[in-house]
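> Coordinates only, no sequence provided:
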């Protein structure tokens, strides 16, 4: 039977119907394109693509499948008309018609799937399938599928239309991926800022390490985050902090730097990732990984300046390829962590130095106290010796009293030698003057006491005169003076307050003048009696508690530096202590 001429009424009607259907599909394609480009939410765009292609091609079901870059499997991202239990289906490259299209990059139009060996049955009723590749920048990233319960359901025209839709969908895939990457970057960097603030606020080393491990887990979405640090020899990595691990991981032995994968991170100063630590020949604790259910690992060096101090590692419980962005994020966290670790270490050293200064202060005070005691003993001892010799006690050798006189004279001589030894020891505490910048000593003092002041809610205000001339002084003893005055002020303000430290030059007639240093606090103040006794003696105290050596030591050191110290105070209104030292 011959075909009906196109110029016949029937032929024209068929051609008109075909043009109308084509126009409707083009309109639908344009409408779908406009809608899917109006959203940056991937799931919403993908679902719209699938719904419209199923409707346009009168299909029974359809799906959009993308290649997972991590494991290389084909995963259904959006579907219409498929049973719920099929949505979790995973196909390997080359498996089924979908896998074949993804591998070859060619479309597949099958009129009878039961006769095609490539087909993997999803629903028994399916007879026809049409699948086209999704290409982004010339690379297949996924597949569009439609199915029908009718044989030979899809035409060449249907394939062309679906391929056009695939071009639109590919652009959506690319745009949404770019948007998702940017959104993930923004989220990661926001988290990184928050993490850095949390880590930096912890001045305790152990606390800082624990915080790093917890925040690393949250930031990277990992099962375990572990921080290992080099020991003093630099030959072993010891686990210092860990979050999310069980006993098997927590109790694993130290890692040798020269023969381990983590050691490679330290030696090469570069990140290392392993797709599966349970099967890797480079990973030493394979059994631990299997017990803990660890699969993928990323480890980056902890580096402060030019020195590597350890490693920061994250583990996931499933196969995962860490992106360049994830590597950069963990490396940034490691850099921040290294700074926080060194900051905590520095703070601990500052606390140690402060304690050493306090001990040095006590030793100096004890030396001066010993000198004062020796002076007080030597005066009556001298009188006793003079009186003893003036008595001219002489007895016969057989008289027992002769031996008593000899013993008394020997003991007085012994006491005199002890007093001289004490005085000799005290003389060693005399200042060793050098040219000292007073402002610099105060600045250094601020570093030592800043955390103590912060913990006690005390505000430190410094008003240091520029171009202040230097003074001839013993820097260690001068630091002891300033530290004592600061700690006394802190004790006077248990509920917080203000400590103001100022310096100025007080000019004299024809001389270089004096450098004046003032310590003013807003504390409890001192009574008249306490002010009078503040600097007088090491054997008396103005405090209800403690030895009272602090201010007396200040007075002795300032006096030894040819300076003067003055105190002004009023109960309930604070205290101001001024020190005048010769300039130049």
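Yep, it's here. These numbers were taken from a predicted model, which means no experiment stands behind them.
> Now do the helices in the protein.
Assigned by DSSP state H, the chain shows helices spanning 9-36, 42-56, 96-104, 156-200, 205-220, 247-250, 261-268, 286-292, 324-391, 400-427, 438-455, 475-491, 528-533, 549-560.
> So for stretch 316-335, what gets flagged as buried?
316, 320, 322, 326, 327, 329, 330, 331, 332, 333, 334, 335 (16 or more other Cβ atoms under 10 Å). For every residue, glycine as well, the C-beta is placed using N, CA and C.
> List the residues that contact the nearest residue to residue 235 once chain neighbours are set aside.
Nearest non-adjacent residue to residue 235, counting by Cβ to Cβ, 6 or more residues apart in numbering: residue 257, 5.6 Å away. With contacts taken as Cβ atoms under 8 Å, 6 or more residues apart in numbering, residue 257 has the following neighbours: 230, 234, 235, 236, 237, 263, 266, 267.
> hmm, back to that, what would the buried residues of stretch 316-335 look like in JSON lines with distance to residue 555?
Shown next, in JSON lines, are the buried residues of stretch 316-335 (distance: Cβ to Cβ, whole Å):
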{"residue": "316", "distance to residue 555": "66"}
{"residue": "320", "distance to residue 555": "69"}
{"residue": "322", "distance to residue 555": "65"}
{"residue": "326", "distance to residue 555": "63"}
{"residue": "327", "distance to residue 555": "62"}
{"residue": "329", "distance to residue 555": "58"}
{"residue": "330", "distance to residue 555": "57"}
{"residue": "331", "distance to residue 555": "56"}
{"residue": "332", "distance to residue 555": "54"}
{"residue": "333", "distance to residue 555": "52"}
{"residue": "334", "distance to residue 555": "52"}
{"residue": "335", "distance to residue 555": "50"}
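> Now those in CSV, please, with extra columns for pLDDT and distance to residue 121.
Conversion of these to CSV gives the following (pLDDT from 0 to 100; distance: Cβ to Cβ, whole Å):
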residue, pLDDT, distance to residue 121
316, 93, 33
320, 85, 31
322, 86, 36
326, 85, 38
327, 88, 41
329, 83, 43
330, 87, 43
331, 87, 47
332, 83, 48
333, 83, 47
334, 85, 50
335, 84, 53
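> Between those, which sits nearest residue 123?
Closest approach to residue 123 among the buried residues of stretch 316-335 (Cβ to Cβ): residue 320, at 32.1 Å.
> Next one: the closest one from residue 166, what distance?
28 Å (Cβ to Cβ, to the nearest Å).
> Residue 584 now?
Residue 584 is 87 Å from residue 166, by Cβ to Cβ.
> Those two - which one has more neighbours?
Legend: neighbour count by other Cβ atoms under 10 Å for residue 584 and residue 166, higher for residue 166 (23 against 12).
> per-residue pLDDT, the more buried one?
pLDDT recorded at residue 166 is 86.
> With residue 145 instead?
pLDDT for residue 145: 92.
> likewise residue 401?
With respect to pLDDT, residue 401 scores 83.
> Check residue 189 too.
66.
> start at 46 instead
Will do, 46 is the new start, and the previous item becomes residue 234.
> Look up how far residue 168 lies from residue 126.
Going from residue 126 to residue 168 by Cβ to Cβ gives 9 Å.
> overlap in contacts of these two?
106, 192.
> circling back to that earlier point, so which of the contacts of residue 302 is the most crowded?
Sorting the contacts of residue 302 by how many neighbours each has (other Cβ under 10 Å) puts residue 311 first, at 24 neighbours.
> Do I have it right that that one meets residue 353?
Yes - using Cβ atoms under 8 Å, residue 311 is in contact with residue 353, at 5.1 Å.
> Find residues that contact each of these two.
With Cβ under 8 Å, 6+ apart as the test, residue 311 and residue 353 both reach 275, 346.
> circling back: hey, least reliable of the helices of the chain by pLDDT?
helix 54-81 (a mean of 62).
> Next, the contact list for residue 375, please.
Here residue 375 is in contact with 261, 264, 265, 316, 343, 345, 357, 359, 367 (Cβ under 8 Å, 6+ apart).
> Now stretch 476-488: buried residues?
Taking 16+ other Cβ under 10 Å as the neighbour-count basis, stretch 476-488 is seen to contain the buried residues 476, 478, 481, 483, 484, 486, 487.
> Compute the first-to-last residue distance for it.
For stretch 476-488, the first-to-last residue distance is 22 Å (Cα to Cα, to the nearest Å).
> now do stretch 186-202
With Cα to Cα, one end of stretch 186-202 sits 23 Å from the other.
> buried ones in it?
Of all the residues in stretch 186-202, those buried under the rule 16+ other Cβ under 10 Å are 186, 187, 188, 189, 190, 191, 192, 193, 198, 199.
> Determine which two of those residues are furthest apart.
186 and 198 (26.2 Å).
> What's the separation between residue 307 and residue 357?
Taken as Cβ to Cβ, the span from residue 307 to residue 357 is 10 Å.
> Overlap of the contact sets of those two?
With Cβ under 8 Å, 6+ apart, residue 307 and residue 357 have common neighbours residue 344.
> between those two, who's got more neighbours?
Shown here are residue 307 and residue 357; by other Cβ under 10 Å, residue 357 has more neighbours (28 against 22).
> how far away is that one from residue 255?
Counting by Cβ to Cβ, the separation of residue 357 from residue 255 is 13 Å.
> what's the answer for residue 316, then?
Taking Cβ to Cβ, one finds residue 316 at 23 Å from residue 255.
> So for these two, which residue has more residues nearby?
Remark: of residue 316 and residue 255, residue 316 carries more neighbours, 21 against 17, as counted by other Cβ under 10 Å.
> Dihedrals phi and psi, the residue lying farthest from the centre of the chain?
In the chain, the residue that sits farthest from the middle, by Cα atoms, centre = their mean, is residue 441; the gap is 87.0 Å. Per-residue torsions, residue 441: phi -60, psi 150 (degrees, to the nearest 10).
> so how many other residues sit close to the closest residue to it other than its chain neighbours?
Nearest non-adjacent residue to residue 441, counting by Cβ to Cβ, 6+ apart: residue 447, 6.8 Å away. Residue 447 has 14 neighbouring residues, counting by other Cβ under 10 Å.
> so how far is residue 438 from residue 447?
Residue 447 is 9 Å from residue 438, by Cβ to Cβ.
> So what touches stretch 317-333?
So stretch 317-333 is contacted by 293-294, 297, 300, 304-306, 309-310, 334-335, 339-344, 360, 364-367, 372 (Cβ under 8 Å, 6+ apart).
> hmm, 7 Å instead?
For stretch 317-333, contacts defined as Cβ atoms under 7 Å, 6 or more residues apart in numbering pick out 293-294, 297, 300, 305-306, 309-310, 334-335, 339-344, 364, 366-367.
> Of those, select the buried ones using a PyMOL command.
In PyMOL, a selection of the buried entries from those looks like this (16+ other Cβ under 10 Å):
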select buried, resi 294+297+300+305+306+309+310+334+339+340+341+342+343+344+367
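> and residue 615, what is it in contact with?
residue 570.
> next one: residue 509
Contacts of residue 509 by Cβ under 7 Å, 6+ apart are 484, 487, 548.
> sorry, back to before: dump the buried residues of stretch 476-488 to JSON lines, plus distance to residue 174.
Shown next, in JSON lines, are those (distance: Cβ to Cβ, whole Å):
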{"residue": "476", "distance to residue 174": "97"}
{"residue": "478", "distance to residue 174": "97"}
{"residue": "481", "distance to residue 174": "90"}
{"residue": "483", "distance to residue 174": "88"}
{"residue": "484", "distance to residue 174": "84"}
{"residue": "486", "distance to residue 174": "85"}
{"residue": "487", "distance to residue 174": "83"}
